[in-house]
Structures are given as C-alpha cells and as structure tokens.
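# A structural model of the following input is requested.
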Amino acid sequence: MIKKEKPDFRSDPVGNLRYHAGVVKAYADGPADRRKKMRSEAKLDLAQRLSPIMAVDDGDIRYLVDTSDRGPITVGLVGEGTWDEPLMRKTSDLLAKLLDRPEPLKDRVFLDVGGNIGTATLCALKRFDAGRAVAFEPEPRNYKFLKLNLIANDLEDRALPVQAAISDQPGELVLEIAPENVGDHRIRTGDEATGGDLGEDRRETVTVQAMTLDGALERAQVAAQDVGLVWIDVQGHEPQVLAGASDVLASGAPVLLEYWPYGLGRAGGLDTMHEQLRTQFSEAWEVGEERDAGPPTRVDLDDLDAFAARFPHPYDSTNLLLLKR
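Numbering: from 1, shown residues only. Predicted coordinates:
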C-alpha cells in the first residue's frame, strides 16, 4: 500500500482537512491491530518533531529507536514495548524441552546475525541470562543504534558489536537500503530477478564489509562449543551465512533463522536453503513470527517444497529452530 502524502495546510487547507478526516475514518473503521499501528505511528510522528531518537522502556530494558523509521520493529516497540522477546521465549522454552536444559542460554554465547538495533541481543542478555553476545550489523545507522542500545543498557562489557555482514566469504558486498524499514536492508547477491515484487531494484545501495561466521568467531575469540544459540535474520541471505559457519554448525549449536521464501527466492537461494536444511540438520521446528501465539510444530525436512508453498505472498515468512543431534 502506498502511503498518501499529507497536503500542506497553508497551500491546500481543504486537502489537509480531508486528509485528516480520512485518517480519522480509517482509524474508526479499522481493526484493532491497525488502530494500534496508527497510534504508534502518531507517537513517532510527534516524537520526530522533537528528536531523532525515542526511548521505549520495557522493565529493565531500554530501547532507543530511530523516530524516522516506520518499519514493524520500531512501530512494534513503540506500540507494545517489546519485539523479539515473545519469539525468544518460545524458542527458549522449546530448546529447554528438546535439550533437557532448563535455561538453554544461561552463561552461554548468543550470536545475533543481522543484529539490527540490538533488540534480540538485549533480550538474550537481560531476560535469558546469556553470558555474552556478539551482534553483527552491516548498515551504518543501525549499527550506531546497536551501540547506543548497548550503552543505554550498560551491556558494553558483555556484548561485542561488529559492523559487518555475515556471508560465505570475506570481502565487500552491496547492501540495499530499505527507505522506511530499518529491518529490511538486504544483501544484493547478483542473482535477483530484475525489479522484484516490492520495488527493491529502486533502492539506494551501500558497500559493506563481510566476513564468515567462523572467521568472525575466531577473531572475537569465541569457541564454537560455547555458543548457546545462533539467531539469524538477514532478509534472504541465510544460505550464505550457513555456508560460512561450518565450525559453528559442527558444534551442534542450535540455530533460529527466518524462513522467507520470497526473499530467499529473489536472491536465488531457496533451493540452496532447502538442501542445507536437509543435509546439515536433523530436525526443524516452526516457531512462527514475533507475535504468533500458536505452539511450535515439527517440520518435515523431506518435504520442504510443500512447506514453502504455505507462504505464497511476498510478505509471508516464519522462523525455524534447527537442531543437529
């Protein structure tokens, strides 16, 4: 949906009034989730006039967000005060059951691949007692907010932020910048179809540094056997992350990754991802999106084409917990 531009009151007062009347009607007629989203966006609009940064407090966690962003992470934080914690709790509870380990992250290393502004890292350290975290984020502004959030939560001594993309080899990569969603920047692999259903070919790009996960852990002096969970959300670049993480995967570290058929397919990696899931993991569990309330369900690794068919729309995605046992 294209957001309608608001007419300036001084040059078009009637159009401005009609615009606001339309907003009020959309709010009154809309479902509860749309009204909540509109309230969050209104808060951000007001906050943006005063500051480029807004603080959202959730108990002992303080999230600093970019007031110019209108993506689901920022809007969700402003509306509900949390983002990754529900998904992480479901993942942690499932791991505790499958591994017979009551606190699966306690005192272990949390790897946040596609760290964004640090929402997952903050939760892992503050709510699930991870001992340390390493968070990888290539986009410059997100990386600044990641560091700000670590400082705001007094976590600089327990978390290492790394400004880099994680891929299958070190070097430089092209990153597509999503104009209004800090959670949708994407590595451009060169395999993308022209255009794309979401207009990605029109995005501005920046060059970012890349490293493999195995190489990054060696540099950070983190032993693979100390990793409690690898958390991967990289908008379709997941196959390359796994390809550069052979040591981590061989250690048996659990992996939670976003499964997004459109993004994987556009980057030419859906078939590769399916092959990796079949050959590198012994079991997979669907744990859903950040706000999904349903219980985890086992995924048949021998019928992944049928599983992918459940997500036909470009925005359809889920999250998978992967184990090698």
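# Would you mind writing the CA trace of the helix or strand where residue 278 lies as CSV?
According to DSSP states H and E, residue 278 maps onto helix 270-280. Presented in CSV, the C-alpha positions along helix 270-280 are these (Å, rounded to 0.1, in the frame of the first residue of the first chain):
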residue,chain,number,x,y,z
LEU,A,270,15.6,-21.0,-1.8
ASP,A,271,16.8,-24.4,-3.3
THR,A,272,20.1,-24.0,-1.6
MET,A,273,18.4,-23.3,1.7
HIS,A,274,16.3,-26.4,1.4
GLU,A,275,19.4,-28.5,0.6
GLN,A,276,21.2,-27.1,3.7
LEU,A,277,18.2,-27.9,5.9
ARG,A,278,18.0,-31.4,4.7
THR,A,279,21.8,-32.2,4.9
GLN,A,280,23.0,-30.1,7.8
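# low pLDDT regions in the protein?
Judged against pLDDT under 70, the low-scoring parts of the chain cover residues 1-32, 192-195.
# how does it look with 90?
By pLDDT under 90, the low-scoring segments of the chain are 1-41, 47, 179-180, 189-203, 290-294, 325.
# Show me what counts as buried in the helix or strand following the helix holding residue 278.
Once the chain leaves helix 270-280, the next helix or strand it forms, by DSSP H and E, is strand 283-286. For strand 283-286, the buried set under the neighbour-count rule, 16 or more other Cβ atoms under 10 Å, comprises 284-286. The C-beta positions use only the backbone N, C-alpha and C, and glycine is treated the same way.
# Check stretch 314-325 too.
So stretch 314-325, judged by 16+ other Cβ under 10 Å, has buried residues 317-323.
# and the protein, what are its domains?
Residue ranges for the domains of the chain, per automatic domain parsing: 32-80, 85-323.
# Could you report the separation of residue 287 from residue 86?
The gap separating residue 287 from residue 86 is 10 Å, by Cβ to Cβ, to the nearest Å.
# okay but residue 181 is in contact with residue 75, surely?
No: the pair residue 181 / residue 75 is not scored as a contact, 9.5 Å apart, by Cβ atoms under 8 Å.
# Between those two, point out the one with more neighbours.
residue 75 (22 against 15; other Cβ atoms under 10 Å).
# And residue 87, how close does it get to residue 75?
In this structure, residue 87 and residue 75 are separated by 16 Å, where distance is defined by Cβ to Cβ.
# ugh, wrong one, I meant residue 269
If you go by Cβ to Cβ, the gap between residue 269 and residue 75 works out to 28 Å.
# and what of residue 234?
Between residue 234 and residue 75 the distance, using Cβ to Cβ, works out to 21 Å.
# wait, what's in contact with residue 203?
The contact partners of residue 203, taken as Cβ atoms under 8 Å, 6 or more residues apart in numbering, are 176-179.
# To what extent is the residue nearest to residue 80 when sequence neighbours are not counted buried, counted in neighbours?
By the measure of Cβ to Cβ, 6 or more residues apart in numbering, the closest residue to residue 80 outside its immediate chain neighbours is residue 36, 7.9 Å from it. Residue 36 has 16 neighbouring residues, counting by other Cβ under 10 Å.
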